[in-house]
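Participant: Structural data only, the sequence is not supplied:
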């Protein structure tokens, strides 16, 4: 079956796909590393389980230990070939492989959610925010989680000189509240219309919909990030969650 022609059943709830390869140079065994005693992979599965809008949950991995943990946590394991699990392999390749195998078992849902284990504090409520924003849109093909950015962004020119990105550096300094709104992609949650993703082969199928989430969403890319998240865990997870705010649940 051609994945691009895979049947879609509008009655099916969005499924969650969690790519989690075994190899990692920056942090060996990263997806199995714990934060506050819970492995990163298990945290992603638990977040998906807590989401009201998510149905089936699948983990794509080449690693048997990760696959076993996925099944213990209540997700399915899709065995990923080694050539899609190297340092140069893209997340999109893993997602297409997973959807191809799921399409052999039956129709796919119209929407699927891509979750990354490197965001340990993702919540079910955040996943529902992103999915519902996409479901409510008549035009967007994908939605993704963002947080507000309030700083002055800089780049450099060919000579290495500073160039303002979200401000005009040659003009008098603006107040922060006068800057145009900018947002930082959290890297945690991406919801996509299945047919559009399979047709284009990448996650940012236009039009895209940034969805503002309220909670802090750090990513783990380095050992220092892992240590920071370990210290943040009792602060972020020990306190009661704030009530959802309508303005923050809406897409930007």
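Facilitator: Here it is on my side, so go on. Everything quoted here is computed from the prediction, not taken from an experiment. Numbers count the residues shown, from 1 in each chain.
Participant: Would you map the strands across this structure?
Facilitator: 15-19, 34-35, 38-39, 57-61, 76-79, 111-115, 142-149, 154-156, 162-164, 182-193, 208-212 (DSSP state E).
Participant: And the contacts of the fifth one?
Facilitator: Right, strand 76-79. For strand 76-79, the external contacting residues (Cβ atoms under 8 Å, 6 or more residues apart in numbering) are 56-62, 66-68, 70-71, 97-98, 101-102. For every residue, glycine as well, the C-beta is placed using N, CA and C.
Participant: that older thread, with mean neighbour count as added columns, please give the strands of the chain in CSV.
Facilitator: Formatted as CSV, these follow (neighbours: other Cβ atoms under 10 Å):
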stretch, mean neighbour count
strand 15-19, 25
strand 34-35, 18
strand 38-39, 18
strand 57-61, 25
strand 76-79, 16
strand 111-115, 25
strand 142-149, 21
strand 154-156, 10
strand 162-164, 11
strand 182-193, 22
strand 208-212, 19
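Participant: Tabulate those (a markdown table), appending mean pLDDT.
Facilitator: Formatted as a markdown table, those follow (pLDDT from 0 to 100):
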| stretch | mean pLDDT |
| --- | --- |
| strand 15-19 | 97 |
| strand 34-35 | 94 |
| strand 38-39 | 96 |
| strand 57-61 | 96 |
| strand 76-79 | 94 |
| strand 111-115 | 98 |
| strand 142-149 | 94 |
| strand 154-156 | 95 |
| strand 162-164 | 93 |
| strand 182-193 | 95 |
| strand 208-212 | 96 |
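Participant: Redo these as TSV? Include distance to residue 226.
Facilitator: Supplementary listing: the strands of the chain in TSV, determined by distance: least, Cβ to Cβ, whole Å:
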stretch	distance to residue 226
strand 15-19	18
strand 34-35	7
strand 38-39	12
strand 57-61	19
strand 76-79	24
strand 111-115	18
strand 142-149	20
strand 154-156	28
strand 162-164	32
strand 182-193	15
strand 208-212	26
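Participant: So which of these is nearest residue 219?
Facilitator: Smallest distance to residue 219 across those (Cβ to Cβ): 5.0 Å, for strand 182-193.
Participant: and stretch 212-219, which residues are buried?
Facilitator: Of all the residues in stretch 212-219, those buried under the rule 16 or more other Cβ atoms under 10 Å are 212-215, 217-219.
Participant: Revised request: answer the last question for stretch 70-84.
Facilitator: Residues of stretch 70-84 classed as buried: 70, 73, 75, 77-78, 80, 84 (neighbour count, 16+ other Cβ under 10 Å).
Participant: What of stretch 38-51?
Facilitator: 39-48, 51.
Participant: For residue 252, give me the pLDDT.
Facilitator: You'll see residue 252 listed with a pLDDT of 69.
Participant: what does residue 238 give?
Facilitator: 72.
Participant: Residue 187 against residue 115, yeah?
Facilitator: No - Residue 187 lies out of contact with residue 115 (Cβ atoms under 8 Å); the separation is 10.2 Å.
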